[in-house]
Every structure is written in structure tokens, then in C-alpha cells.
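*Asks:* Any chance you could fold what I've pasted below:
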Amino acid sequence: MKGSSHALIGVTAGAIAGYQVQPDVYTIAVASVIGGVSALVPDLDTNGLATNRITLSKQVTQWLMQLVGAGILVAIVYQYFTTGFAPSILLYAGIGLLLFIVSRLITQRRMLTLTGVMVMWLGIVMHQSIGILLVGSYIVIASFLPHRSYTHSLLGLAFYAFILNQLQQEWPIDGLLSAGIAGYGSHLIADMKLLPMNRRGVKWFAPIWNKEW
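*Replies:* Below is the predicted model:
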């Protein structure tokens with residue numbers, strides 16, 4: 001199923017969940033957005049729309065790495081001709097060379113990993129927000145998983161619910177937990193093999209039981 005379809009279903013599920021929490025326009029509107037975003041989260045395990053929307057630009061990141069690497073090498077040459085050789089030059093040269101190599105080898109999947117690491121760093125900066133740290137950890141883990149594996153299971157749903165619960169404690173938003181769970185869960189239901197448009201199903205009980213439903 002396309003990402004746009006998942007998002008639409010998630011918006012509907014989030015709106016219904018928000019209405020159950022507080023039947024007012026503001027809560028329903030916020031819950032709709034949360035549900036729509038949450039419905040795309042399971043697909044962070046693949047190079048799809050959801051992944052490409054949140055990842056740092058590969059081209060920009062490569063350019064920044066090469067720029068920093070070049071800056072380090074220039075600084076090394078300047079230090080060598082002004083103060084002479086020092087053991088630290090070898091360390092900085094290695095860092096600069098490593099940045100050049102990584103900038104050439106990095107893939108879009110690893111850009112997702114890097115994005116998750118940056119989100120975790122943001123959680124530390126934002127007064128050590130556990131919720132943001134968990135969001136970053138989810139992104140990092142998803143970047144190493146095959147499509148329709150653990151993010152498309154009850155284990156993934158439980159971890160996401162845990163993250164939402166932590167975020168709700170930090171930012172008390174009506175309907176955050178229920179709308180997020182509804183949106184995420186709607187994705188798993190929409191991907192089930194029972195629906196005629198799906199050739200593959202969802203491994204609800206992975207890793208305990210890998211039967212597709």
C-alpha cells in the first residue's frame with residue numbers, strides 16, 4: 001500500500017481516537033496529524049517515502065563532510081609550515097581522510113541512521129529529553145531492519161507506544177498516546193495479507209512467530 005493511503009487511513013484513525021479522548025475540534029485536528037504521521041512510521045524500515053522525508057540530504061551531508069575534511073587538511077598544512085611536525089597532525093590527518101572516505105561511501109540507508117543519531121543528540125540537548133532520545137533510537141534501529149519485519153509487528157507497536165507514553169509525560173497533549181497507537185496500528189492492519197492488494201502480510205508476533213497474516 002502506498003504511503004499516501006497509509007497516511008489517509010492514519011489520519012482517520014487518529015481523528016476517531018482523538019474524538020474519544022476529547023470531542024473538540026482542536027483535539028481532533030491534533031490527533032489527526034499525530035495519527036497520519038504515526039501511520040508512516042513503520043515504513044522507516046525501507047527506502048520509501050517516509051524514510052526520504054525525514055533523512056538528512058545525502059548530497060548536503062557529503063558536501064559538508066568534504067568541506068570539513070578539506071578544512072582539517074588545510075589546517076594541518078598550515079600548522080606544519082608554522083610550528084613544524086607534531087604527533088597530533090597524524091590524528092587530524094586521519095580524521096580528515098576518514099571524512100572524505102565516508103562522504104563517498106555513505107548510502108541513503110546510513111543517512112537514516114545518521115538522522116536517528118542526530119535526533120538522539122537533540123534529545124540530549126533538549127534538557128535530556130528521554131522521549132526524543134527514544135525517537136532517535138527507533139529511527140536508528142529501523143534503519144538496519146529489513147522491510148516488514150519488527151517495525152511491522154506487535155513488538156514494534158509496543159515500543160512505539162512506550163515512546164509515545166514518554167513523550168506524553170514530557171508534553172501533555174490530549175490524544176497523543178491513543179492517536180499515535182491508532183495510526184501505527186492502522187498501518188499494520190492495512191498491510192495484512194487478508195486484504196487483496198497485499199501479496200505479503202504482517203508478522204504480528206515476530207520474532208516469536210514469523211507467520212505472515
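*Asks:* What values do phi and psi take at the residue nearest to H152 when sequence neighbours are not counted?
*Replies:* Leaving aside its sequence neighbours, H152 sits nearest to V202 (CB to CB, 6 or more residues apart in numbering; 4.9 Å). For glycine as for every other residue, the C-beta is placed from the backbone atoms N, C-alpha and C. With angles defined as degrees, to the nearest 10, V202 sits at phi -120, psi 130.
*Asks:* contacting residues for V202?
*Replies:* If you count contacts by CB atoms under 8 Å, 6 or more residues apart in numbering, V202 has them with R148, H152, S153, L188, D191, M192, K193, E212, W213.
*Asks:* repeat for Y92
*Replies:* I72, A75, I76.
*Asks:* If I look at it, what pLDDT would I see?
*Replies:* Note on Y92: pLDDT of 76.
*Asks:* Would you tell me what helix or strand it is located in?
*Replies:* Assigning secondary structure by DSSP states H and E places Y92 in helix 87-105.
*Asks:* Over to F159?
*Replies:* helix 154-170.
*Asks:* That helix - contacts with which helices or strands?
*Replies:* Judged by 3 or more CB pairs under 8 Å, 6 or more residues apart in numbering; DSSP states H and E, helix 154-170 is in contact with helix 130-142, helix 176-190.
*Asks:* Format the contacts of V202 as JSON lines; extra columns: distance to A142.
*Replies:* Formatted as JSON lines, these follow (distance: CB to CB, whole Å):
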{"residue": "R148", "distance to A142": "12"}
{"residue": "H152", "distance to A142": "11"}
{"residue": "S153", "distance to A142": "12"}
{"residue": "L188", "distance to A142": "14"}
{"residue": "D191", "distance to A142": "15"}
{"residue": "M192", "distance to A142": "20"}
{"residue": "K193", "distance to A142": "22"}
{"residue": "E212", "distance to A142": "19"}
{"residue": "W213", "distance to A142": "21"}
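*Asks:* PyMOL command for the buried members of the residues you listed?
*Replies:* Per 16 or more other CB atoms under 10 Å, the buried members of the contacts of V202 correspond to this PyMOL selection:
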select buried, resi 148+152+153+188+191+212
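*Asks:* among the contacts of V202, which two are most distant?
*Replies:* Farthest apart among the contacts of V202 by CB to CB are S153 and K193. That separation is 14.1 Å.
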